[in-house]
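> Mind folding the following:
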Amino acid sequence: MSTENSASASAPAFRYAAVTFDCADPAELARFYSEMLGLPVTFSTEDFFFLSREGAPGLGFHRLADYRRPTWPDGDQGKQAHLEVGVDDLDAAEAHLLARGAEKPGHQPSPGRWRVLLDPAGHPFCITTLV
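Predicted structure coming up:
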């Protein structure tokens with residue numbers, strides 16, 4: 001048996017479970033993403049909220065006492081990651097999310113194809129047309 005096969009035979013199974021965002025107000029951020037994605041809150045404490053559907057990966061929101069919102073596109077407090085959310089109609093999706101607390105930064109790299117928005121905690125995310 002090769003070392004490659006024996007290494008994979010003893011490796012534990014891994015599966016993608018969730019992405020967790022640091023924020024100042026996990027309840028507010030969970031509300032925003034719950035409304036956008038239609039995911040229910042399945043677990044919560046004072047400092048953590050989790051959205052998911054049974055058997056699918058979820059999104060977590062963790063209170064960080066000294067949270068500093070990203071300053072995208074300015075790199076002073078850079079983003080570490082962002083979500084891409086597919087939509088059928090960019091204009092309708094943007095209006096819907098802005099009415100629910102998203103912000104739209106002035107810098108838009110490709111506004112005809114995708115829009116960069118900021119969630120209520122300042123995390124950039126993109127809405128993009130489905131191809």
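> List the contacts of the residue positioned nearest the centre of the chain.
Closest residue to the average C-alpha location of the chain: L83 at 4.6 Å, with C-alpha atoms, centre = their mean. Contacts for L83 (C-beta atoms under 8 Å, 6 or more residues apart in numbering) come out as V19, F125, C126. (Each C-beta comes from the backbone N, C-alpha and C, glycine too.)
> go on, W114?
E84, L90, C126, I127, T128, T129.
> Next one: it relative to A92, how far apart?
According to C-beta to C-beta, to the nearest Å, W114 and A92 sit 14 Å apart.
> try S44
Taken as C-beta to C-beta, the span from S44 to A92 is 30 Å.
> Of those two, which one has the most company?
S44 (14 against 10; other C-beta atoms under 10 Å).
> In the helix of greatest length in the chain, which residues are buried?
Scanning the chain for the longest helix, with DSSP state H as the assignment, gives helix 26-37. Of the residues in helix 26-37, P26, A27, L29, A30, R31, F32, Y33, S34, M36 count as buried by neighbour count, 16 or more other C-beta atoms under 10 Å.
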